[in-house]
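Novice: any chance you could fold what I've pasted below:
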Amino acid sequence: MKSISQEAEEQLDALLRQHADRPPREAILQLFLLALEREEVVSIGYRDSLIAARLRRMPIDPEVSNLIRRALIWAWQDEEMHALFSRGAILKLGTTRLRCQALARQAAGVLGGWSASALQHTRWSHAPLSRSLAWFITSAGVLTGRLPREVREHLQFRPFRDFCRFNAELEAASKLSWQRIVERTAHCAEFTKNEVNDFRRVVEDEERHRRVFLLLADSLDSSDRLAPDVTADRLSSQIAAIGDFYLPRKYRSRQFLDNPVGGGGHTACIAGNSLSEKIAVFRDALKQSLFAEHLTARARHLGKPLAEMRITIKTAFMLGYNHRDPSPVIDPALLHELAKFIHELGCPRLTVLEAPSIYDRFYNHRTVPNVAQYCGIPSPLFEIADASADRLTHHYSRGMASYSVARAWKESDFRISFGKLRSHPTENILLTIANLEGLAGRLDDYIFFERQASRATSLMMLLDEFPPHFALLDAFQNTPDGMVGMMGCRRPKNPLRIYAGADALAVDLLAASHVGLRDPGESGLLQAAHHWFGGWPEEVKKVGLDVPIANWRGPYSNELWALMSFFALPMYVFGSGRGLRFVPEMDLAAFPPAQPEPWFLRFRRRNIRALLGLRLPKIKS
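Specialist: Model (predicted):
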């Protein structure tokens with residue numbers, strides 16, 4: 001019987017022969033369609049919830065189980081990126097008919113991946129309905145010629161090592177597909193050099209996945225136990241030889257001072273009793289979280305005196321839209337106090353950095369300097385920089401479809417994420433990690449349907465290579481709660497809290513627990529950080545208050561909001577006119593419309609605001 005990779009090679013050769021007399025573009029698109037379906041199959045088949053459940057049933061040590069799980073989590077993350085990248089390439093080049101084909105192939109991949117995983121990881125006695133449906137789907141695939149019989153033979157519950165060997169074959173087949181794509185696009189004017197390099201990266205990814213699966217297969221026996229002479233230490237060193245990022249954080253080689261994300265350490269939540277204590281509480285948070293010590297240690301690590309340290313603060317004010325609602329904007333008094341504190345430590349080279357929001361597509365005077373002035377941000381203690389105005393091309397070592405970084409962030413010696421606690425319908429909550437969005441490209445480039453990477457991927461790529469060295473979260477005054485708090489809030493809260501710590505992920509986890517997230521994975525960005533950085537922080541020393549914020553609602557606090565939040569992303573992607581209809585009640589004197597607003601657009605905007613509860617606070621008499 002032919003191997004899966006041999007069958008795949010024959011299929012590719014037949015496809016290319018079929019399109020030999022047609023324009024090269026058509027063969028490329030057919031290759032992408034094939035790649036998309038295959039990537040979707042494995043991205044569903046490698047999903048963490050499935051693998052984790054299978055590993056829990058295996059008679060192996062928890063440490064070994066975690067090593068295997070982490071290795072496959074990264075393979076899963078890769079495959080999800082590949083699938084999205086493939087679909088984006090098709091949508092970028094294809095006609096409406098071809099786009100429909102892409103969606104059909106993606107759906108087929110999801111269905112095939114689910115069916116294969118149901119058959120490979122569940123027994124009849126545990127899931128008879130799922131296995132029956134999966135058997136019916138795969139049988140239909142064989143009859144229609146969509147599922148090779150070579151593959152069908154592997155779709156049954158077998159030892160985990162057999163599952164790994166099967167997927168090593170699938171990875172080899174996928175590698176062949178992407179090699180053909182590289183060959184065909186290398187000299188195609190419709191693809192940029194960066195995109196072709198990403199295609200080559202996929203080839204390298206598939207080869208690493210193949211090696212990981214073969215290693216795991218060789219490390220297990222037929223009863224799902226470790227093979228003789230295999231230990232956790234030996235397995236970790238073998239995985240490290242393939243890629244450090246396939247390992248849990250504690251096995252990785254990077255130092256805390258280079259990348260604190262996921263490293264834990266002192267994490268503070270300092271609270272006050274009244275609004276008048278704001279500055280005192282903020283300074284106490286900086287001290288309790290050892291800000292000065294971390295800055296000094298970083299300077300020593302770089303071999304620089306404090307006076308020469310370039311410090312950059314990424315903060316949040318570009319969603320500011322009206323003086324009557326300051327809730328989406330960082331508190332200028334706290335930002336100025338941070339700058340003052342840093343100057344007192346002997347560091348005068350300070351930049352405050354922000355990135356444009358989608359509002360500048362629809363309103364004038366929405367540049368970073370203009371909005372900063374409107375929100376009261378400028379100070380003689382720092383410069384204000386626009387992340388989009390000075391970008392550097394950068395080749396990231398992980399991820400794809402992101403090719404730049406703000407110069408001020410990349411070249412900084414000590415980076416600070418100073419975010420604002422805000423609710424969000426799809427993320428649940430925006431914290432210090434989410435605050436960095438926009439530094440590697442405009443956020444709207446990673447939201448809409450034709451995107452080639454997700455917002456989480458672009459953000460994790462930035463965090464991986466240019467992480468913040470310290471994180472601060474403003475949750476003291478005018479904190480926006482509700483379904484769309486990141487846009488504004490009619491009745492903001494005053495939690496009277498400041499969160500701080502060197503590890504942005506640890507800071508975010510503490511704040512997330514205080515707004516009711518029982519599982520941090522409910523936030524897609526936090527879950528992505530958990531996957532990218534090898535797990536949740538383990539050695540966290542909490543300082544100060546550790547109790548929930550009273551009366552926090554969030555986007556899922558009632559049935560209607562929960563339902564609307566569930567559909568928020570597809571509504572925004574497909575029904576917002578690329579954000580045109582979803583805007584708050586802008587101060588038109590400061591930010592006049594870029595184009596005349598037809599009455600029907602104004603009518604729709606008003607109705608959407610009413611539906612979302614996005615109304616300006618009443619003016620107090």
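Novice: and the strands in the protein?
Specialist: 265-271, 311-314, 350-354, 383-386, 391-393, 404-406, 414-420, 422-424, 428-430, 470-475, 497-501, 540-544 (DSSP state E).
Novice: quick one: residues contacting F160.
Specialist: Contacts here follow Cβ atoms under 8 Å, 6 or more residues apart in numbering; on that basis F160 touches R54, L55, M58, L216, L220, D224. (C-beta placed from N, C-alpha, C; glycine too.)
Novice: out of those, who's nearest Q527?
Specialist: Using Cβ to Cβ, L55 comes nearest to Q527 of those, at 18.2 Å.
Novice: now that closest one: closest residue in space that isn't a chain neighbour?
Specialist: In space, L55 comes closest to S65 once its chain neighbours are excluded; the distance is 4.6 Å by Cβ to Cβ, 6 or more residues apart in numbering.
Novice: was I right about S397 contacting E465?
Specialist: Yes - with contacts counted by Cβ atoms under 8 Å, S397 reaches E465, the gap being 6.8 Å.
Novice: buried ones in stretch 61-75?
Specialist: V64, S65, N66, L67, I68, R69, R70, A71, L72, I73, W74, A75 (16 or more other Cβ atoms under 10 Å).
Novice: stretch 183-195 too?
Specialist: R184, T185, F191, E195.
Novice: likewise for stretch 364-379?
Specialist: In stretch 364-379, residues buried by neighbour count (16+ other Cβ under 10 Å) are R366, V368, V371, A372, Y374, C375, G376, I377, S379.
Novice: ok, and the closest non-adjacent residue to S43?
Specialist: Per Cβ to Cβ, 6+ apart, closest to S43 is E79, 4.0 Å.
Novice: what's the burial count for the one you found?
Specialist: 27 (other Cβ atoms under 10 Å).
Novice: hang on, it packs against E39?
Specialist: Yes - contact status for E79 versus E39: in contact at 5.5 Å, counting by Cβ under 8 Å.
Novice: poorly predicted segments of the stretch 501-621 of the chain, please.
Specialist: Low-confidence segments of the stretch 501-621 of the chain (pLDDT under 70): 619-621.
Novice: burial count for D519?
Specialist: 9.
Novice: no wait, R105
Specialist: With other Cβ under 10 Å as criterion, R105 counts 22.
Novice: dump the residue contacts of it.
Specialist: L33, L34, L36, E37, E40.
Novice: which non-adjacent residue is nearest it?
Specialist: E37 (4.3 Å).
Novice: pLDDT at the one you found, what is it?
Specialist: Note on E37: pLDDT of 78.
Novice: go ahead and confirm it touches L103.
Specialist: No - here E37 does not reach L103: they are 11.1 Å apart, not a contact under Cβ under 8 Å.
Novice: let's check: the centremost residue of this protein is which one?
Specialist: For the chain, the residue nearest the mean C-alpha position is A456 (1.6 Å; Cα atoms, centre = their mean).
Novice: how close does that residue get to C164?
Specialist: Relative to C164, A456 is positioned 27 Å away (Cβ to Cβ, to the nearest Å).
Novice: cool, and G265?
Specialist: 36 Å.
Novice: so where do the helices sit in the stretch 251-400 of the chain?
Specialist: 278-288, 291-302, 332-344, 368-375 (DSSP state H, counting those that start in this stretch).
Novice: what's the first one in contact with?
Specialist: Meaning helix 278-288. 266, 268-272, 292, 331, 333-334, 337-338, 341, 472, 476-477, 496-500, 543-544.
Novice: which among the residues you listed end up buried?
Specialist: Among the contacts of helix 278-288, those buried by neighbour count (16+ other Cβ under 10 Å) are 266, 268-272, 331, 334, 337-338, 341, 472, 476-477, 496-500, 543-544.
Novice: got the contact list for G113?
Specialist: E40, V41, V42, S43, I44, G45.
Novice: please list the members of the residues you listed that lie in helices.
Specialist: Members of the contacts of G113 lying in helices (criterion: DSSP state H): E40, V41, V42, S43, I44, G45.
Novice: identify the farthest-apart pair in the residues you listed.
Specialist: E40 and G45 (9.5 Å).
Novice: regarding this protein, what is its longest helix?
Specialist: Under DSSP H, the chain gives helix 62-93 as its longest helix.
Novice: against which helices or strands is that helix packed?
Specialist: Here helix 62-93 touches helix 24-45, helix 48-56, helix 96-121, helix 193-219, helix 232-242, helix 524-532, going by 3 or more Cβ pairs under 8 Å, 6 or more residues apart in numbering; DSSP states H and E.
Novice: so which of those gets nearest P305?
Specialist: With Cβ to Cβ as the criterion, P305 lies closest to helix 524-532 of those, at 32.6 Å.
Novice: any idea how far the closest one is from the chain center?
Specialist: 6 Å (Cα atoms, centre = their mean, to the nearest Å).
Novice: stretch 609-619 too?
Specialist: For stretch 609-619, the distance to the chain centre is 29 Å (Cα atoms, centre = their mean).
Novice: quick one: which of S397 and E465 has more around it?
Specialist: Each of S397 and E465 has its neighbours counted (other Cβ under 10 Å); E465 has more, 18 against 10.
Novice: who's more crowded, E37 and L103?
Specialist: E37 (22 against 14).
Novice: so who does the more buried one touch?
Specialist: E37 sits next to R105, Q106, A108, G109, G112 when contact means Cβ under 8 Å, 6+ apart.
Novice: what's near enough to touch L614?
Specialist: For L614, the contacting residues are V484, M487, G488, R490, P584, E585, I608, by Cβ under 8 Å, 6+ apart.
Novice: max pairwise distance over those residues: which two?
Specialist: Maximum pairwise distance in those, criterion Cβ to Cβ, is 14.9 Å, between R490 and I608.
Novice: so how far is stretch 327-343 from its chain's centroid?
Specialist: The answer for stretch 327-343 is 27 Å, by Cα atoms, centre = their mean.
Novice: quick check: mean pLDDT across that stretch?
Specialist: For stretch 327-343, the mean per-residue pLDDT is 97.
Novice: what do you get for stretch 370-386?
Specialist: Here the average pLDDT along stretch 370-386 is 97.
Novice: got the CA positions of that stretch in CSV?
Specialist: Coordinates of each C-alpha in stretch 370-386 appear next as CSV, following Å, rounded to 0.1, in the frame of the first residue of the first chain:
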residue,chain,number,x,y,z
ASN,A,370,-4.2,65.6,17.8
VAL,A,371,-6.0,63.0,20.0
ALA,A,372,-3.2,63.2,22.6
GLN,A,373,-3.8,67.0,22.8
TYR,A,374,-7.5,66.5,23.0
CYS,A,375,-7.1,64.0,25.9
GLY,A,376,-4.6,66.1,27.9
ILE,A,377,-1.7,63.7,27.4
PRO,A,378,1.2,66.0,26.4
SER,A,379,3.8,66.8,29.1
PRO,A,380,7.3,68.3,29.0
LEU,A,381,8.5,65.1,30.7
PHE,A,382,8.2,62.9,27.5
GLU,A,383,7.9,62.9,23.8
ILE,A,384,4.8,61.5,22.1
ALA,A,385,5.3,59.1,19.1
ASP,A,386,3.0,57.6,16.6
